[in-house]
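Asks: Here is my input; please provide its structure:
(one chain, ligands or ions: 2)
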Amino acid sequence: MRILAIESSCDENSAAVLADGAVCSLVTVTQKVHQAWGGVVPELAGRSHLELQDNVVAQALSRAGIGLDGIQLIAATCGPGLVGSLLVGYYFGAAVAAARNLPFVPVHHMEAHLWSPELDRTEPLPLPMLVLLVSGGHTQLVHVRAFRDYGILGSTRDDALGEAYDKVGKLVGLEFPAGAQIDKLAATGNPNAVAFPVAMRDASLDFSYSGLKTAVANKVRLEPDWVSPDRLPGLLASFQSAAIQSALEKVALALQRNPVKSLAAAGGVAANSLLRTGLSHIAAEHRIPLAVPALKYCADNAAMVGYVAHKHSALQSSVESYSVRPRWPLSELGPASSSRH
Ligand code: KG4
Ligand code: ZN
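Replies: Ligands and ions are numbered 1, 2, ... in the order given. Next up, the predicted model:
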């Protein structure tokens, strides 16, 4: 089954071609228009997707060495995300599918992240699996029993982990999004420079990051010298240490309570070096494999969208017919049923 997949839920426009679940091509363009605003501006994102969509799809097809004639199914993200952005990719895909009389599969963005650790692997990951989903908009611990059989063990009560990175980045004058820059700068700083509190050291599996962000804001307000070039790495290393430590403690707690056969992380923050190292230690202690996606599959991308459509098609499961759904909790996804769509 050859699939053309499209992702346009936020500020990345991406298209991919997959053949039987293997990625043949992936083209991802990150919109630059938001940098001046310190965050994604929804109206600008939608317009930029309109300008990019045609060309990004054409490039993905050309790099895969096929034309639309070679495509058998089209998939696109239908939520959650920014409505104006979702509409562009979704209706581009749906229109091409209708014109060519091809099946169209709408995909949940977080379900796509959830399975991204399996991309480019020769064997499926052993189930059940615990997945730490960490992006700019979501922070969740998901117990994956099977495709479409998910238990949400914990979620953030306020900011997402990536959001905390971006807000702290803004506080210290870094460009949006700041996660990768903080990761790099923190590597050169002393993580004990400032004693930031590790949040949510309780029995729940929920997360909280707004208190840590406020602690960083207060530190910078009272002692502005922390943003000077020689002290900034220490401040950021201390923030990162507290932020990642709290995520790792929740993963360890979830593993104690839910024995699993594999551990995975997905979403933009799964690119974080400290998180990856910490997770690898936890997985080794539990003697289970750790799967983290290649960097190109951590950030928003269409390969993960096509992969979920591939799973549907391999199971011959019926697919819900949706328009875009800007708000759509992962917990609302129903079980895969085996009737043909
Ligand atoms: O999954 P993603 O591309 O978009 C959403 O669906 O939100 O995640 C983007 C988030 C941003 O908050 C960005 O700052 C963060 O991922 N991020 C990182 C790193 N690379 C990207 N955070 C920490 N460390 C990184 N290396
Ligand atoms: Zn995402």
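Asks: From residue 188, how far off is the closest residue to ligand 1 within the stretch 201-341 of the chain?
Replies: Nearest residue of the stretch 201-341 of the chain to ligand 1 (CB to the nearest ligand atom) works out as residue 268 at 2.0 Å. C-beta: built from backbone N, CA, C; applies to glycine. In this view, residue 268 and residue 188 are 22 Å apart by CB to CB, to the nearest Å.
Asks: Show me which of the two is the more surrounded one.
Replies: Remark: of residue 268 and residue 188, residue 268 carries more neighbours, 26 against 11, as counted by other CB atoms under 10 Å.
Asks: residue contacts, that one?
Replies: With contacts defined as CB atoms under 8 Å, 6 or more residues apart in numbering, the neighbours of residue 268 are 134, 135, 136, 162, 177, 179, 298, 299, 300.
Asks: Please identify, among those residues, the one with the most neighbours.
Replies: Counting neighbours by other CB under 10 Å, the top entry in the contacts of residue 268 is residue 134, with 29 neighbours.
Asks: helix or strand for residue 143, which one?
Replies: strand 139-146 (DSSP states H and E).
Asks: What parts of the stretch 201-341 of the chain come near ligand 2?
Replies: When proximity is defined as CB under 5 Å from the ion, the stretch 201-341 of the chain approaches ligand 2 at residue 300.
Asks: Doesn't residue 89 belong to a strand?
Replies: No. Membership of residue 89 in a strand is not supported by DSSP: H, G, I helix; E, B strand; the rest coil, which gives helix.
Asks: Report how many residues lie close to the nearest residue to it once chain neighbours are set aside.
Replies: Spatial nearest neighbour of residue 89, chain neighbours left out: residue 8 (3.0 Å); criterion: CB to CB, 6 or more residues apart in numbering. Using other CB under 10 Å, residue 8 has 36 neighbouring residues.
Asks: Same question for residue 221.
Replies: Other residues lying near residue 221 total 10 when counted by other CB under 10 Å.
Asks: so what secondary structure elements neighbour the host helix or strand of residue 213?
Replies: Taking DSSP H and E as the definition, one finds residue 213 inside helix 210-222. Using 3 or more CB pairs under 8 Å, 6 or more residues apart in numbering; DSSP states H and E, the elements in contact with helix 210-222 are helix 161-171, helix 232-257.
Asks: Deepest-packed of those, please.
Replies: Using mean count of other CB atoms under 10 Å, the stretch among the helices and strands packed on helix 210-222 with the greatest mean number of neighbours is helix 161-171 (a mean of 24).
Asks: Give the rounded mean pLDDT of it.
Replies: For helix 161-171, mean pLDDT is 97.
Asks: same question, stretch 296-304
Replies: The average pLDDT within stretch 296-304 is 97.
Asks: Is that stretch in proximity to ligand 1?
Replies: Yes. Judged by CB under 6 Å from any ligand atom, stretch 296-304 comes into contact with ligand 1 through 299, 300.
Asks: I'd like the numbering to begin with 4 instead of 1 from here.
Replies: Will do, 4 is the new start, and the previous item becomes stretch 299-307.
Asks: now the end-to-end length of that stretch.
Replies: 10 Å (CA to CA, to the nearest Å).
Asks: So which bits of stretch 53-64 are buried?
Replies: Buried residues in stretch 53-64, counted by 16 or more other CB atoms under 10 Å: 55, 56, 59, 60, 63, 64.
Asks: Counting only helices, which of those residues make the cut?
Replies: Residues of the buried residues of stretch 53-64 located in helices (DSSP state H): 55, 56, 59, 60, 63, 64.
Asks: Which pLDDT value goes with the residue in the stretch 104-253 of the chain positioned nearest to ligand 2?
Replies: Proximity of the stretch 104-253 of the chain to ligand 2 (CB to the ion) peaks at residue 138, 4.3 Å away. With respect to pLDDT, residue 138 has a value of 95.
Asks: What of residue 318?
Replies: pLDDT for residue 318: 79.
Asks: same check, this time on residue 324
Replies: Among the per-residue scores, residue 324 shows a pLDDT of 67.
Asks: Is ligand 2 within reach of stretch 165-181?
Replies: No. Using CB under 5 Å from the ion, stretch 165-181 stays clear of ligand 2, coming no nearer than 8.7 Å.
Asks: distance between the ends of that stretch?
Replies: 9 Å.
Asks: now swap in stretch 15-33 and tell me
Replies: End-to-end distance for stretch 15-33, by CA to CA: 5 Å.
Asks: any idea how far residue 245 is from residue 38?
Replies: Going from residue 245 to residue 38 by CB to CB gives 27 Å.
Asks: Same question for residue 317.
Replies: As judged by CB to CB, residue 317 and residue 38 stand 40 Å apart.
Asks: which residue packs closest to the residue of the stretch 54-203 of the chain found nearest ligand 1, ignoring adjacent ones?
Replies: Closest residue of the stretch 54-203 of the chain to ligand 1, CB to the nearest ligand atom: residue 182 (2.2 Å). Once flanking residues are discounted, residue 182 sits nearest to residue 168: 4.1 Å by CB to CB, 6+ apart.
Asks: Hmm, the one you found is touching residue 177, no?
Replies: No. Contact status for residue 168 versus residue 177: not in contact, 9.4 Å apart, counting by CB atoms under 8 Å.
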